[in-house]
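Undergrad: Okay, here's the prediction I keep looking at, along with the sequence it came from:
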Amino acid sequence: MRVGILGVSHWHAGHHSTAIREAGAELAGVWDDDAGIAAAFATQEQAEPFASLDAALDAACDLLIVLGRGPRAAVLVGELLARPGPPLLLDKPLGLSAADVAPLVEAAAGRLVTVALPSRTAGLLAEAAALRAAGEIGPISHMQFRLLNGPPSRYPQWGVGWMLDPAQSGGGALRNLGVHGVDAFLALAGAQDVTLESASFGPGVHGAAVEDYACLVLRAADGMLGLVEAGYSVADPKAGFTAWRLDGRGASLWDDGTRLLLSTAAGTVERPNVPVARRYGAYLAEVLACLREARQPPLTLADFARATALIDTAYARR
């Protein structure tokens, strides 16, 4: 299948080109509103640069991956949804708040549009879904999510210093990293109401205009709690720390991004897992399977809007 990438002035652009190859698809071409960035990325990936957005839409792609600066990305998605075209896989940031995402949800009605939160289909969430389907997990007590990466200085070094400008990114570690944990809790909660119990932000030890640490506590209507920690707080810019945990009455799960452990009354065993580094590829493969089989993607734009609204609530309490 042919996949194009729009908006390659984003640090995830390389993740997506790798994901395309891992999924056995073809990179049809790339585009950015900065032609120089598009040309350099195309050369790096041995791909064709699309001469214009119209050219990208005329390239017979089966899927377009859309990413970029928050406000511009939201405008671009709106332009694409207003015209006939292929399904869309979006990356964040997407606008600055839920108010920017809401009109896109309405415009996407009847069209396959998903968002790249790849842990939806791998690791702890995938195993929890299987346990639930088998009736083996029971009521869930709590879920914990921690994603701590290197300091904010990484972003200027990667040529995406705009990530430290809240007018372009919509926020810092919580908006960028914490959304994975918030979405995971919402996936576990399903249709239940979810409220924000508390939101705490770090002291900003790196002096950036966006927060470098945030911690949220979420509660579902059935009492299930979720602890979400996100930070640009690891001193080594090449290091990071990922940890997911879920405790239910019948089973507990631990996922450190590499190993996945399942604990039950019978003992603890290791389960097959998709490492964090390969989850974008696995998610893209799942989206392409959805296209071939004409079924809904594992994450909708409405799901993303729901997570975004909770994050907005947390920022409002800062």
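TA: All right, it came through fine.
Undergrad: can you give me the offset of stretch 207-215 from its chain's centre?
TA: Centroid separation between stretch 207-215 and its chain, computed with C-alpha atoms, centre = their mean, to the nearest Å, is 19 Å.
Undergrad: I meant stretch 93-107, not that one.
TA: Taking mean C-alpha positions (C-alpha atoms, centre = their mean), stretch 93-107 and its chain are 15 Å apart.
Undergrad: Equivalent analysis for stretch 140-160, please.
TA: Worked out by C-alpha atoms, centre = their mean, stretch 140-160 lies 12 Å from the chain centre.
Undergrad: I'd like the mean pLDDT over that stretch, please.
TA: When pLDDT is averaged over stretch 140-160, the result is 95.
Undergrad: Give the buried residues for it.
TA: 140, 142-152, 154-155, 160 (16 or more other C-beta atoms under 10 Å). Backbone N, C-alpha and C define where each C-beta goes, glycine included.
Undergrad: low-confidence ranges in the stretch 151-300 of the chain?
TA: For the stretch 151-300 of the chain, no stretch is flagged by pLDDT under 70.
Undergrad: mind running it again at 90?
TA: Residues of the stretch 151-300 of the chain that meet the criterion pLDDT under 90 lie in 159, 239, 276-279, 281.
Undergrad: Please enumerate the helices of it.
TA: Taking DSSP state H, counting those that start in this stretch, the helices of the stretch 151-300 of the chain run over residues 154-157, 166-169, 173, 179-189, 279-293.
Undergrad: Buried residues, whatever helix or strand Glu127 lives in. List them.
TA: Here Glu127, judged by DSSP states H and E, is contained in helix 123-133. Neighbour counts using 16+ other C-beta under 10 Å place 123-129, 131-132 of helix 123-133 among the buried residues.
Undergrad: most centrally placed residue in the protein?
TA: Leu117 (2.8 Å; C-alpha atoms, centre = their mean).
Undergrad: And the pLDDT for it?
TA: pLDDT at Leu117 comes out at 94.
Undergrad: Quick check: it vs Asp33, distance?
TA: 25 Å (C-beta to C-beta, to the nearest Å).
Undergrad: same check, this time on Asn176
TA: For Asn176 relative to Asp33 (C-beta to C-beta), the value is 21 Å.
Undergrad: any idea how far Ala39 is from Arg2?
TA: Look at Arg2 and Ala39: by C-beta to C-beta, they are 20 Å apart.
Undergrad: same question but for Gly181, I mixed them up
TA: Distance of Gly181 to Ala39, computed by C-beta to C-beta: 37 Å.
Undergrad: Tell me which of those two has more neighbours.
TA: Neighbours were counted for Gly181 and for Ala39 using other C-beta atoms under 10 Å; Gly181 has more, 26 against 14.
Undergrad: Surely the more buried one touches Phe145?
TA: Yes - the pair Gly181 and Phe145 qualifies as a contact (C-beta atoms under 8 Å) at a distance of 3.1 Å.
Undergrad: Mutual contacts of the two, please.
TA: 226, 228-229 (C-beta atoms under 8 Å, 6 or more residues apart in numbering).
Undergrad: got the contact list for the closest residue to the residue nearest to the centre of the chain other than its chain neighbours?
TA: The shortest distance from Leu117 to any non-neighbouring residue, by C-beta to C-beta, 6 or more residues apart in numbering, is to Asp183 (5.2 Å). Asp183 sits next to 117, 120, 299, 303-304, 307 when contact means C-beta under 8 Å, 6+ apart.
Undergrad: Output those residues as CSV; include the columns secondary structure and distance to Ala28.
TA: Shown next, in CSV, are the contacts of Asp183 (DSSP: H, G, I helix; E, B strand; the rest coil; distance: C-beta to C-beta, whole Å):
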residue, secondary structure, distance to Ala28
Leu117, coil, 24
Arg120, helix, 25
Leu299, coil, 23
Asp303, helix, 27
Phe304, helix, 25
Ala307, helix, 30
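Undergrad: Thanks again, I'm all set now.
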